[in-house]
Each structure stands twice: as structure tokens, then as C-alpha cells.
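Visitor: Sharing a model that was predicted from the sequence below.
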Amino acid sequence: MAGRGQIAFHSGALFVKGTGANPRALRVATLQETSFDFKASNKELTGENMFAEAIGRGNIKISGKAKSGRFNGALMNQLFFAQPDANILSQAKLIALDEPGTVATATVTVANGTNFLEDLGVQSATTGEQYERVTSAPAAKQYSVNEATGVYTFNATENTNSLLFSYLHKTVAAGAKTLKITNQLAGEAPTFKGIFSTKFQGQTLTLTLNALVSESLAFGFKNEDFSMPDFSFAAQVDSLGAVGELSMTQFQ
């Protein structure tokens with residue numbers, strides 16, 4: 001209704017856009033919530049009485065945060081890590097957890113031996129006892145492993161024993177990627193443009209912030225619940241000294 005402002009409802013849509021000649025725009029998918037905080041630093045002039053006689057406004061900080069229901073590696077890199085393209089590998093790491101195997105001729109070759117990366121331990125399938133890893137010539141309750149082939153070697157007394165194997169291996173299936181996080185020079189942080197929009201009762205509110213800098217990236221995991229990655233950011237002016245725009249189809 002004209003003169004009364006408009007109502008906003010639900011999580012809306014959020015896009016982040018990189019910088020450069022051909023900036024890449026990415027949507028924060030399955031958006032759970034977004035918030036923006038405009039906070040001024042005020043100074044109060046007081047005298048012998050209780051209330052301020054004047055208030056002067058100093059700096060203004062714009063900050064915000066968003067929470068997604070999905071993990072998007074490209075988005076995380078653009079928002080926070082700023083790793084070069086060379087650090088994005090066309091493979092993903094997987095864990096084989098408690099893969100069963102039976103010792104025969106003192107060896108076991110695990111199912112993903114050709115893509116084996118790293119041993120994570122062996123234990124008895126019947127007692128849960130953890131085996132000890134050694135370099136070579138394993139005794140009873142010990143093993144060695146060739147991480148180039150995924151072949152585990154045991155003492156001959158372990159033949160016919162059922163064991164559980166945990167290890168890392170890789171997949172090169174379409175879409176699989178790994179972001180290598182390397183140490184970068186301190187100083188500049190990833191800067192991106194944020195565009196948020198929400199529509200309700202035929203009215204749209206759109207907030208554009210021209211130059212955002214990420215402050216945090218967090219994700220946690222808990223039993224019987226979805227993981228919700230979230231990130232926070234603060235705004236600065238762009239190269240032209242502009243902060244952004246607040247647009248409403250019913251401004252008043």
C-alpha cells in the first residue's frame with residue numbers, strides 16, 4: 001500500500017559476483033537466511049546532566065551474513081580462499097570406511113587400490129582390535145601397506161582372518177574437484193559484489209553492495225541434521241567511491 005512501505009518475507013535470492021573483465025556470477029543455492037547490518041559509530045556530547053546534548057556520527061560499517069543449504073566449492077573459493085585455478089584439481093578424495101577384506105597369501109588388495117591415496121588403519125572385523133602399521137616384515141597383529149598399489153601385507157598367521165580397512169582414495173568422475181588451500185601473501189582479500197532480492201505481495205526489494213570482503217566461512221556437522229555452510233562479509237566502497245543501492249518497487 002502506497003505510503004506505508006512494503007513487506008518482505010522468506011529468504012529471498014542472493015548472488016555474488018566477482019571482479020575483473022569477465023566477472024563470474026554465482027547464486028547462493030538453497031538459501032536459508034541472509035542479514036545485513038548497517039551500524040554507525042556515534043559520539044555523544046554530555047555535560048553535567050544525564051542526557052546527551054549532541055550526537056555526532058562517525059564511521060558507518062555495513063556487514064552481513066548468509067547461510068546456504070549446499071556446498072559449492074567454486075563459491076567458497078570466490079568468497080573466501082581466492083586460490084588460483086591451478087590449485088583446483090580434477091579429482092575428489094573419498095574415504096573407504098571399514099571396507100571388509102580377508103587375508104589370503106598374507107596380503108589384501110583393497111577395492112580401490114588403483115586410486116589409493118592414504119592408509120587410515122586396519123582392525124579386526126570380529127574383535128575390533130586395531131592393527132599396528134610397520135614398515136616391513138609384519139608380525140601378528142601388524143601390517144605394512146604399499147600406498148602406490150593399495151596392497152596390504154600381513155604375517156602369514158593372519159591368513160583367513162577377516163579385517164576392516166579404512167583409507168583415502170580418489171575419484172576422477174565428472175564434477176569431482178579438490179581445492180588445494182595454500183598459503184597466500186597477507187593483505188588483499190577476495191572482493192565481490194553482492195546482489196540480494198526478495199519479493200512478496202507483488203513488491204520487490206533489491207539490495208546491491210558493490211564491494212564486499214568476506215570475514216568468515218564456517219560449516220558444522222551434527223547428527224540427524226543438515227549441514228548449513230555460512231559466510232559473513234563487510235562492505236567497502238568500490239573503485240568509484242560508491243557503496244551500493246537499495247531499491248524498492250514501493251519506496252514509501
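Guide: Perfect, I can see it now.
Visitor: drop to CA atoms for contacts and neighbour counts, all remaining ones
Guide: Fine.
Visitor: Give the residue farthest from the middle of the protein.
Guide: Relative to the centre of the chain, the most outlying C-alpha is that of residue 48, 52.7 Å out, by Cα atoms, centre = their mean.
Visitor: for that residue, phi and psi?
Guide: Note on residue 48: backbone dihedrals following degrees, to the nearest 10 are phi -80, psi -10.
Visitor: what's the closest non-adjacent residue to residue 197?
Guide: residue 206 (4.2 Å; Cα to Cα, 6 or more residues apart in numbering).
Visitor: separation between the residue farthest from the centre of the chain and residue 36?
Guide: 37 Å (Cα to Cα, to the nearest Å).
Visitor: In contact with the residue nearest to the spatial centre of the chain, which residues?
Guide: For the chain, residue 76 is the residue whose C-alpha lies nearest the centre (Cα atoms, centre = their mean; 5.4 Å). Counting by Cα atoms under 8 Å, 6 or more residues apart in numbering, residue 76 touches residue 217.
Visitor: Now it: which helix or strand?
Guide: helix 73-76 (DSSP states H and E).
Visitor: helices or strands up against the one helix or strand the residue nearest to residue 197 maps to?
Guide: According to DSSP H and E, residue 206 maps onto strand 203-218. On a contact count with 3 or more Cα pairs under 8 Å, 6 or more residues apart in numbering; DSSP states H and E, strand 203-218 meets strand 191-200, strand 230-236, strand 244-248.
Visitor: want to try a markdown table for those, with mean neighbour count as columns?
Guide: Output for these, formatted as a markdown table (neighbours: other Cα atoms under 10 Å):
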| stretch | mean neighbour count |
| --- | --- |
| strand 191-200 | 20 |
| strand 230-236 | 21 |
| strand 244-248 | 14 |
